[in-house]
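# Below is the structure, and that's it, no one-letter string:
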């Protein structure tokens, strides 16, 4: 079994990842109301990064770090930059790392040369590499071609897939296939209901990503996140 590099995440725990895809005002408001938990990961989502660039990652990192400073026990902020890198792996890793991100995401459909560069440079920069296998039919085959494994693989049903293809399922069946071959953490994206979170955890996911329920801050946001946290224990 091939082992992934040491991650900043604890493999003994499960995590809830909050994807922030709206405006920076929305992001600041949501972050300020998050429960103080070491099991919450904050993501600077792709639409937010495209709207604000590296500044968006920097702001989210700063706000989350300031928010967690209120915890009784120190909690290091974990911020994912969803770059969806397809080329220029080294350059995009530097952008994420210099902006203060803890992890960055590349697409598994990128050339193997890009993925190798991305993983290598994430390790060099001291951040976690995550590879998003959206629209990759056989994630295990992609992983087998890499010189080094990423600490995290994302199994992802895209937003447009969910909206326009109701038969498209989150590829939960790939979790055991990947974990049977690699000592690696699995993140599940593309579900946003309590039931989908339950199914992901039941199938041995380590991280569950949600976004719709927190896309804009509402009076229900905190209680919803607390409900999700109860499910991932």
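Arrived safely. No experiment lies behind these values; they were computed from the predicted model shown.
# Stretch 30-41: which residues count as buried?
30, 31, 34, 38, 39, 40, 41 (16 or more other Cβ atoms under 10 Å). Heads up, the C-betas are built off the backbone N, CA and C, glycines and all.
# Pop out the phi and psi values for the nearest residue to the third one once chain neighbours are set aside.
For residue 34, ignoring the flanking residues on the chain, the nearest one in space by Cβ to Cβ, 6 or more residues apart in numbering is residue 40 at 5.9 Å. Dihedral pair for residue 40: phi -100, psi 120, per degrees, to the nearest 10.
# Equivalent analysis for residue 99, please.
phi -90, psi 0.
# do the same with residue 114
Torsion angles at residue 114 (phi, psi; degrees, to the nearest 10) stand at phi -70, psi -40.
# next one: residue 117
According to degrees, to the nearest 10, residue 117 has phi -60, psi -40.
# ok, it - contacts?
89, 90 (Cβ atoms under 8 Å, 6 or more residues apart in numbering).
# tell me the SS of residue 90?
helix (DSSP: H, G, I helix; E, B strand; the rest coil).
# Residue 142 too?
Following three-state DSSP, the label given to residue 142 is helix.
# Now do the contacts for the closest residue to it other than its chain neighbours.
The spatial neighbour of residue 142 that comes closest, neighbours along the chain excluded (Cβ to Cβ, 6+ apart), is residue 108 at 5.0 Å. By Cβ under 8 Å, 6+ apart, the residues touching residue 108 are 115, 131, 132, 133, 134, 136, 139, 142, 153.
# Would you mind pulling the contact partners of whichever strand or helix holds the last one?
In this structure, residue 153 sits in strand 152-156 according to DSSP states H and E. The contact list for strand 152-156, computed with Cβ under 8 Å, 6+ apart, reads 4, 7, 9, 103, 105, 108, 128-134, 139, 143, 170-172, 174-175, 178, 184-190, 205-207, 209.
# mind checking pLDDT for the residue nearest to residue 142?
Per-residue pLDDT puts residue 108 at 97.
# swap in residue 215?
55.
# Let me see the backbone angles for the closest residue to residue 226 other than its chain neighbours.
Leaving aside its sequence neighbours, residue 226 sits nearest to residue 35 (Cβ to Cβ, 6+ apart; 6.0 Å). Torsion angles at residue 35 (phi, psi; degrees, to the nearest 10) stand at phi -60, psi 150.
# check contacts around residue 35.
222, 225, 226, 229.
# Quick check: residue 97 vs residue 54, distance?
10 Å (Cβ to Cβ, to the nearest Å).
# the more surrounded of these two?
Neighbour count, other Cβ atoms under 10 Å: between residue 97 and residue 54, residue 97 has more, with 20 against 17.
# Does that one lie in a helix or a strand, and which?
Per DSSP H and E, residue 97 falls inside helix 89-98.
# Could I get the average pLDDT for that helix?
98.
# Stretch 16-31 too?
Stretch 16-31 comes out at a mean pLDDT of 92.
# Quote the end-to-end distance of it.
End-to-end distance of stretch 16-31 (Cα to Cα, to the nearest Å): 14 Å.
# buried residues in that stretch?
Those would be 16-22, 24, 26-31, for stretch 16-31 by 16+ other Cβ under 10 Å.
# Restricted to strands, list those residues.
16, 17, 18, 19, 20 (DSSP state E).
# picking up where we left off before, need the per-residue pLDDT for the residue nearest to residue 34.
Looking at residue 40, its pLDDT stands at 95.
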